[in-house]
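*Asks:* only geometry, no sequence info:
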């Protein structure tokens, strides 16, 4: 009997433990569900806002350039850096002959590029963290005093370590540059049997990069340019193998932008538009020179003109751009708040603790938000109303807890 009672007692304890665990589990589920519901439901006021109207496209640059060529095919030793302004007759490079045609030009170009990249790295002794560390060490040693606290000692030790690391980095770069220069000299030494000096034929800005469009995408081509003509030009670059660089010889340049007919109609000749060059992060105000007639594909060209060095003058012939064509005003609403009810697009707003549907007319979208037209008719979203944002099911009349 005692064993039976003992077994019943154990079972009772286990049952109580199971009940307690289940109760804790239910409370946990209730707590997390409540938190999830609250987190998934929030309200934002519908506020008036303005957004730039933009057109995103690809722009193709037309500029007056002269390709610089050489009959020799060996290493090129440049005496002019990228972006250097040259006068007519200035020597910009010496080109050696690769008699065995072993591809030394490409090897030399790779060495030259790495040398320039390493030489462009800031001198560590001029960097702010180096100066700060040096000041810390010198301050601690002024008057021959040793830093008093452990923190002071650690600060000086860290500063000394940084100074040493910076100097080691500089020494490693200098050693690498010396090695690359020796390799470049060896390549040139193998081709010393013949060389040619290349000079600037006219005044201009020198760039080593070429793309084969220097002679075909000049300013003169813009006058009669059509959408089809642009496509044809892009398919006909010249060989870059004899080229060692180019001269930008005019500050005037043009940007041809292919657009659909509807988008092209938004641009007016002689009007100025702000254009963002997304690759370089620069913005320029450019004037519309003309808008071409559309071709059979329904595409037209908007051609802009400008003065000054083009933003991507170092290399890019084309690039992604963003054109500001105007400003729109309206009510700003998060895109995630949009719903479809009975064939109408709209949002839900909080009214006296309940969800009420409001129709909207979206006029623009940007960065996860949309701009909706202000409407005075009943049933449309009004500025100042609280827009309900939730990932859960919602309907007109739902109680918002």
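*Replies:* Yep, that arrived. Model, not experiment: these values are computed from the prediction. Numbers count the residues shown, from 1 in each chain.
*Asks:* Do I have it right that residue 286 meets residue 272?
*Replies:* Yes: counting by C-beta atoms under 8 Å, residue 272 is a contact partner of residue 286 at 7.0 Å. All C-beta spots, glycine's among them, are computed from the backbone N, C-alpha and C.
*Asks:* Of the two, which one has the most company?
*Replies:* Neighbour count, other C-beta atoms under 10 Å: between residue 286 and residue 272, residue 286 has more, with 24 against 11.
*Asks:* check which helix or strand covers that one.
*Replies:* Element membership of residue 286 [criterion: DSSP states H and E] is strand 282-291.
*Asks:* Okay, now the sheet partners of that strand, with direction.
*Replies:* strand 272-277 (antiparallel), strand 299-307 (antiparallel) (DSSP bridges).
*Asks:* Give me the buried positions along it.
*Replies:* 284, 286, 288-289, 291 (16 or more other C-beta atoms under 10 Å).
*Asks:* end to end, how far does stretch 210-229 reach?
*Replies:* Stretch 210-229 has an end-to-end distance of 22 Å (criterion: C-alpha to C-alpha, to the nearest Å).
*Asks:* Go through that stretch and flag the buried ones.
*Replies:* 210-214, 217-218, 221-222, 225-227, 229.
*Asks:* on that earlier part again, the buried residues of strand 282-291: which two are farthest apart?
*Replies:* Using C-beta to C-beta, the two most remote members of the buried residues of strand 282-291 are 284 and 291, lying 18.7 Å apart.
*Asks:* Now for this structure: which strand has the highest residue count?
*Replies:* strand 47-69 (DSSP state E).
*Asks:* Partner strands of that one and their direction?
*Replies:* When DSSP bridges is applied, strand 47-69 pairs with strand 243-260 (antiparallel), strand 318-334 (antiparallel).
*Asks:* contacts for the helix or strand just after the first one?
*Replies:* It stands for strand 243-260. Using DSSP H and E, the helix or strand that directly follows strand 243-260 along the chain is helix 261-264. Outside of helix 261-264, the residues within contact range by C-beta atoms under 8 Å, 6 or more residues apart in numbering are 55, 57, 291-292, 294, 298-302.
*Asks:* now, which of those sits nearest residue 387?
*Replies:* Looking across the contacts of helix 261-264 and measuring by C-beta to C-beta, the closest to residue 387 is residue 55, at 28.4 Å.
*Asks:* I'd like the mean pLDDT over the host helix or strand of residue 175, please.
*Replies:* Assigned by DSSP H and E, residue 175 falls within helix 150-189. In this model, helix 150-189 has a mean pLDDT of 83.
*Asks:* State the number of residues packed around residue 323.
*Replies:* 24.
*Asks:* In space, what's closest to it - neighbours in sequence excluded?
*Replies:* In this structure, residue 323 finds its nearest non-sequential neighbour in residue 55, 4.7 Å apart by C-beta to C-beta, 6 or more residues apart in numbering.
*Asks:* who's in contact with the one you found?
*Replies:* Contacts for residue 55 (C-beta under 8 Å, 6+ apart) come out as 259, 263, 266, 322-323, 325.
*Asks:* will you turn the strands paired with strand 282-291 into JSON lines that also has mean pLDDT and distance to residue 377?
*Replies:* Supplementary listing: the strands paired with strand 282-291 in JSON lines, determined by pLDDT from 0 to 100; distance: least, C-beta to C-beta, whole Å:
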{"stretch": "strand 272-277", "mean pLDDT": "95", "distance to residue 377": "35"}
{"stretch": "strand 299-307", "mean pLDDT": "95", "distance to residue 377": "37"}
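*Asks:* quick one, which of these is packed in tightest?
*Replies:* Of all the strands paired with strand 282-291, strand 299-307 has the most neighbours on average by mean count of other C-beta atoms under 10 Å, namely a mean of 21.
*Asks:* Touching that one from outside, list them.
*Replies:* 59, 222, 225-227, 230, 251-261, 264, 267, 273, 275, 284, 286-294.
*Asks:* Now residue 380: closest residue in space, sequence neighbours ignored.
*Replies:* Counting by C-beta to C-beta, 6+ apart, residue 380 lies nearest to residue 359, which is 5.1 Å off, once chain neighbours are set aside.
*Asks:* count of residues packed around the one you found?
*Replies:* 17.
*Asks:* Torsion angles phi and psi at it?
*Replies:* Main-chain dihedrals, residue 359, degrees, to the nearest 10: phi -70, psi 150.
*Asks:* The one 3 residues further on too?
*Replies:* The main-chain torsion angles of residue 362 are listed as degrees, to the nearest 10 and equal phi -70, psi 130.
*Asks:* Quick check: the gap between it and residue 382.
*Replies:* Distance, residue 362 to residue 382, by C-beta to C-beta, to the nearest Å: 16 Å.
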